[in-house]
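# Pasting the sequence and the predicted model now:
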Amino acid sequence: MSAPRTSRSPDLQRLVDDGYDVAIVAGFLVVRDVPYVDRYRQVRRGQLVSRLDLAGDRTVAPRDHQVWFAGALPCDREGRPLVNMVHSQNARRDLGGGLVVDHWLCSRPIGREFVDYHEKMVTFVNQISGHAAAIDPAASARPGRIVTADPSDSPFHYVDTATSRNGTGRLADRIAGQSVGIVGLGGTGGYVLDFVSKTPVARIHLFDDDEFLQHNAFRAPGAASRDSLGDRRAKVDHFDRIYSRLHRGIVPHRVRMGRATVDLLDGMDFVFLCLDDPSAKRPVIERLEDRGVAFVDVGMGLQAGDGGLTGILRVTTSTAEMRDHVWDRNRIPMAGADADDPYSTNIQVVELNALNAALAVIRWKRLFGFYVDLGAEYFATYDVAGNYIINEDQHNYLRVGL
């Protein structure tokens with residue numbers, strides 16, 4: 001485990017100083033090389049895995065008194081299962097990041113919770129390894145070595161404890177390492193970035209040539225300061241400053257996407273098209289199709305009337321397995337403004353920008369198996385007034401990219 005992560009938390013540093021083999025994997029605290037006894041009275045080695053609660057780089061008191069155990073069922077020195085602490089056995093589970101556990105253990109100090117992670121992990125280690133030491137006095141969970149982990153292995157600047165808490169690490173692995181492009185950082189594109197930045201993709205490439213101005217602040221995630229608006233930064237630089245605090249892989253490109261710049265999309269694993277100008281889409285889409293890149297295109301068409309706003313949000317998906325609908329059924333507007341085009345108006349409202357982005361990001365995650373994809377639709381519309389979604393252009397395959 002890297003020194004910066006332990007030195008700021010005295011309880012983790014004590015584990016390291018005591019000689020335990022400590023790591024943080026996929027947002028979990030892991031103590032490796034823990035000796036235990038199996039049902040055949042053989043001394044073996046396993047891992048203890050705990051949820052990790054952090055405030056920044058510092059731990060807070062553990063909120064539970066359970067850990068996972070990776071290995072065979074731990075037993076006492078006579079080979080009898082430790083039934084008093086094994087809460088659930090043979091509960092094999094993939095926690096993500098290559099971390100697979102087998103049993104769920106429970107132990108609690110009398111009348112209270114653990115004060116810190118040192119007490120918690122040492123308690124479980126002692127309760128398990130004490131039986132191993134009775135058979136082999138040399139069996140110890142304190143080998144006196146520290147296995148370091150390069151913090152750059154993670155796409156985040158700090159540990160993702162949200163994923164570890166909700167148990168979706170193995171699903172997040174399905175989109176981990178991708179290079180994702182977001183073309184257009186208007187209202188919808190900004191929210192796409194907000195959502196994607198919380199995922200373990202390797203790179204998020206931003207493409208836009210506009211400045212971030214005052215009207216943008218009212219349909220973008222977060223709250224821009226008045227001073228930052230006065231700086232008239234490029235949108236890509238504005239969002240880069242914000243989201244680089246969380247994600248290491250933000251890559252800004254201040255360019256207008258067109259035939260001269262579409263080659264910047266080569267090598268992307270997935271692209272979100274959030275362009276306001278339909279006429280700019282054709283060369284981008286042609287290039288993505290030519291390179292076999294999957295993408296989602298979003299659109300919003302709102303009309304104002306005496307009764308309020310009405311309109312439709314659109315999400316069009318295109319992958320190497322299905323593209324004809326884009327052209328045969330005109331599922332993506334690619335011409336200039338047309339009075340008969342429901343998407344030609346420029347009315348945008350922040351919550352609909354966010355919803356359009358959420359639908360697009362959910363579609364991306366469904367494609368790669370983070371969510372179950374029973375619809376397999378490649379064209380979906382949300383009707384604002386009726387509050388319903390219509391799915392069309394279904395594909396026979398439920399998932400791609402696996």
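Structure received. Predicted model only: the values in this text are computed from it and were never measured.
# buried residues in stretch 14-27?
Buried residues in stretch 14-27, defined by neighbour count with 16 or more other Cβ atoms under 10 Å: 14-16, 20-27. In short, each C-beta sits where N, CA and C put it, glycine included.
# Columns secondary structure and distance to V293 on top of the residues you listed, output as a markdown table?
Compiled in a markdown table, the buried residues of stretch 14-27 are given as follows (DSSP: H, G, I helix; E, B strand; the rest coil; distance: Cβ to Cβ, whole Å):
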| residue | secondary structure | distance to V293 |
| --- | --- | --- |
| R14 | helix | 49 |
| L15 | helix | 45 |
| V16 | helix | 44 |
| Y20 | coil | 45 |
| D21 | strand | 42 |
| V22 | strand | 41 |
| A23 | strand | 35 |
| I24 | strand | 34 |
| V25 | strand | 31 |
| A26 | coil | 28 |
| G27 | coil | 30 |
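# Using the record, which stretches count as separate domains in this protein?
3-157, 174-394 (automatic domain parsing).
# Go through the ones you listed and name the closest to G167.
Between G167 and those, the shortest gap by Cβ to Cβ is with domain 3-157, which sits at 7.1 Å.
# Could you tell me the end-to-end distance of stretch 367-378?
Distance between the two ends of stretch 367-378: 10 Å, counting by Cα to Cα, to the nearest Å.
# Repeat that for stretch 309-327.
End-to-end for stretch 309-327, by Cα to Cα: 30 Å.
# tell me which residues in that stretch are buried?
311-319, 322-323, 325-326.
# likewise stretch 229-243?
For stretch 229-243, the neighbour count (16+ other Cβ under 10 Å) marks 229, 233-240, 242-243 as buried.
# And the lowest mean pLDDT element among the helices and strands of this structure?
Sorted by mean pLDDT, DSSP states H and E, the helices and strands of the chain end with helix 3-7, the least confident at a mean of 48.
# ok so, going back, okay, the buried residues of stretch 229-243 in TSV with pLDDT and distance to E392 next?
Listed next are these as TSV, based on pLDDT from 0 to 100; distance: Cβ to Cβ, whole Å:
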residue	pLDDT	distance to E392
L229	88	41
R233	90	40
A234	91	37
K235	93	32
V236	94	33
D237	93	38
H238	94	36
F239	95	32
D240	94	36
I242	94	36
Y243	95	33
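# Out of these, which comes closest to Q66?
Y243 (33.7 Å).
# residues near the closest residue to that closest one other than its chain neighbours, how many?
Residue nearest to Y243 in three dimensions, not counting chain neighbours: S197, with 4.6 Å by Cβ to Cβ, 6 or more residues apart in numbering. S197 has 22 neighbouring residues, counting by other Cβ atoms under 10 Å.
# R331 too?
Counted with other Cβ under 10 Å, R331 comes out at 20.
# hang on, isn't it packed against F379?
Yes - the pair R331 and F379 passes the contact test of Cβ atoms under 8 Å, sitting 5.0 Å apart.
# Need the overlap of contacts for those two.
Any residue near both R331 and F379 by Cβ atoms under 8 Å, 6 or more residues apart in numbering counts here, and that gives 316, 325, 393.
# host element of L95?
strand 93-96 (DSSP states H and E).
# Same question for N353.
Going by DSSP H and E, N353 is in helix 350-367.
# Toward the C-terminus, what is the element adjacent to that helix?
Per DSSP H and E, the first helix or strand lying C-terminal to helix 350-367 is strand 377-383.
# give me the number of residues near the closest residue to G375 other than its chain neighbours?
Nearest residue to G375, sequence neighbours excluded (Cβ to Cβ, 6+ apart): N391, at 5.0 Å. If you count neighbours by other Cβ under 10 Å, N391 ends up with 14.
# Please work out the average pLDDT along the one helix or strand N391 maps to.
Per DSSP H and E: N391 is located in strand 388-394. Mean per-residue pLDDT for strand 388-394: 95.
# Show me what that strand is packed against.
For strand 388-394, the packing partners by 3 or more Cβ pairs under 8 Å, 6 or more residues apart in numbering; DSSP states H and E come out as strand 377-383.
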